[in-house]
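Asker: fold the following and give me the result.
(one chain, ligands or ions: 1)
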Amino acid sequence: MSVDGRKTVKTALVVGRFAPSPTGPLHFGSLVAAIGSYCLARQVGGRWLVRMEDLDRLRVVPGAADEILCTLEACGMVWDGPVLYQSRRTARYEAALERLRGTGLIFPCGCSRKEVLASAPHAGEEGPVYPGTCRERIASGRRPRALRIRVPGDRVCYVDGVFGLREQQLSAAVGDFVLRRADGLFAYQLAVVVDDAESGVTQVVRGADLLSSTPRQIFLQSCLGYPVPDHIHLPLALAADGRKISKRDGAAAAVGAELWKALRFLGQPVPKALSKAPPGEIVAWGVEHFQLQRVPAASAATSCLTTSWTKA
Ligand code: GLU
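Answerer: Numbers count the residues shown, from 1 in each chain. Here you go, the predicted structure:
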């Protein structure tokens, strides 16, 4: 109750985020994730964060992070607070790993990728399922390479905002998965969970290619005592031949026109007249009118293959 006797309703602040990997300029698929996460956070007065997933230095393209930020700015998608760079956060991942060690679930693995591939009982949707070779004890004469986490046999269930009820049995789908790779790099699965929790993210909006990573992340969240954010996976924009589009596809296009196409791709009835409007106007339409129930739960081919942008 407030002082004047009226009931006050507290609504939790939505914190959304966009987490591109700076392996090239923003392509149409990433633009879809950016506009979707932006509209869903902003239309309820929420915060919207940007994080650069630049842990894998071999895949990072110099200048790509700045180029992505410039494109977001050109679209009028302004983020809150400083951009987080994963490459500067290894101490935080180390601390989380230390806490996980305390649970007794972490073990060193001496297997090479080739060996896992050769001995995996079957390939899951995420590649070969780890057969548990070093689970109890590292094979004799082997030096530890990666650090893995032991997964339970239970099913992890969650309700996705677009794809509905999802479930996965980690032991059957992926097996004990890597948290620190043989080259010392922290795995995406750990970094994303630590960053989302420490940034207070409540709403994860991203491409459907990560649908099957989410159960691993929910499992890590439970091990670390972190809250589980809402998950909304967006359909994937595919190239005409059915491939996931990559930074290699495409040609220059005007930012506004691509934003318009991105909203249409997400099932939003953005008026045709806006297709040539300034980007800020298209984004403002999206924030006001975006409806999650209109987003199709199927990935689709697109002709919008953009990798470089003209600021029109
Ligand atoms: N960095 C990932 C990508 O660019 C997205 C990760 C995420 O949103 O959790 O596809």
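
Asker: what helix or strand is residue 61 located in?
Answerer: Element membership for residue 61, per DSSP states H and E: none, as it lies in no helix or strand.

Asker: ends of stretch 268-281, how far apart?
Answerer: Using C-alpha to C-alpha, to the nearest Å, the span of stretch 268-281 from its first residue to its last is 15 Å.

Asker: pull the distance from it to the chain's centre.
Answerer: In terms of C-alpha atoms, centre = their mean, to the nearest Å, the centre of stretch 268-281 is set 27 Å apart from its chain centre.

Asker: and if you look at stretch 83-94?
Answerer: 16 Å.

Asker: contacts for that stretch next, please.
Answerer: When contacts are taken as C-beta atoms under 8 Å, 6 or more residues apart in numbering, the neighbours of stretch 83-94 outside the stretch itself are 49-55, 57, 60, 65, 69, 186, 190-191, 194-195, 198-199. In short, each C-beta sits where N, CA and C put it, glycine included.

Asker: show me what counts as buried in it.
Answerer: For stretch 83-94, burial by neighbour count (16 or more other C-beta atoms under 10 Å) applies to 84, 86, 87, 89, 92, 93.

Asker: does it come close to the ligand?
Answerer: No: remark: stretch 83-94 sits outside contact range of the ligand, by C-beta under 6 Å from any ligand atom, the gap being at least 9.0 Å.

Asker: dump that stretch to CSV, restricted to CA.
Answerer: Extracted as CSV, the C-alpha positions of stretch 83-94 are listed here (Å, rounded to 0.1, in the frame of the first residue of the first chain):
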residue,chain,number,x,y,z
VAL,A,83,29.0,-2.8,-23.7
LEU,A,84,30.3,-5.9,-22.0
TYR,A,85,33.3,-7.7,-23.7
GLN,A,86,33.6,-11.3,-22.8
SER,A,87,37.3,-11.2,-23.5
ARG,A,88,37.7,-8.9,-20.5
ARG,A,89,35.7,-11.1,-18.1
THR,A,90,37.8,-14.3,-17.8
ALA,A,91,38.3,-13.7,-14.0
ARG,A,92,34.5,-13.9,-13.6
TYR,A,93,34.3,-17.2,-15.5
GLU,A,94,37.2,-18.5,-13.4
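
Asker: could you give the mean pLDDT of that stretch?
Answerer: Looking at stretch 83-94 alone, the average pLDDT works out to 98.

Asker: please shift the residue numbers so they start at 550 in all later answers.
Answerer: Taking 550 as the first residue, the last one we looked at is stretch 632-643.

Asker: where does the stretch 650-799 of the chain get nearest to the ligand, residue-wise?
Answerer: Scanning the stretch 650-799 of the chain for proximity to the ligand using C-beta to the nearest ligand atom identifies residue 755 as nearest, at 3.5 Å.

Asker: partner strands of whatever helix or strand that residue lives in, parallel or antiparallel?
Answerer: Under DSSP H and E, the secondary-structure element containing residue 755 is strand 752-756. Using DSSP bridges, the strands paired with strand 752-756 in its sheet are strand 564-567 (parallel), strand 779-783 (parallel).

Asker: beyond that strand, next helix or strand please.
Answerer: Towards the C-terminus, the helix or strand next in line after strand 752-756, according to DSSP H and E, is helix 763-773.

Asker: now do that following helix: everything it contacts.
Answerer: Helix 763-773 has contacts (C-beta under 8 Å, 6+ apart) with 645, 648-649, 652, 654, 698, 700-701, 705, 707, 709, 715-717, 719, 722-723, 726, 738-739, 741-743, 746, 753, 775-777, 780, 782.

Asker: try it again with 6 Å
Answerer: Surrounding helix 763-773, the residues in contact under the criterion C-beta atoms under 6 Å, 6 or more residues apart in numbering are 649, 652, 705, 707, 717, 719, 726, 738, 742, 777, 780.

Asker: many thanks, I have nothing further to ask.
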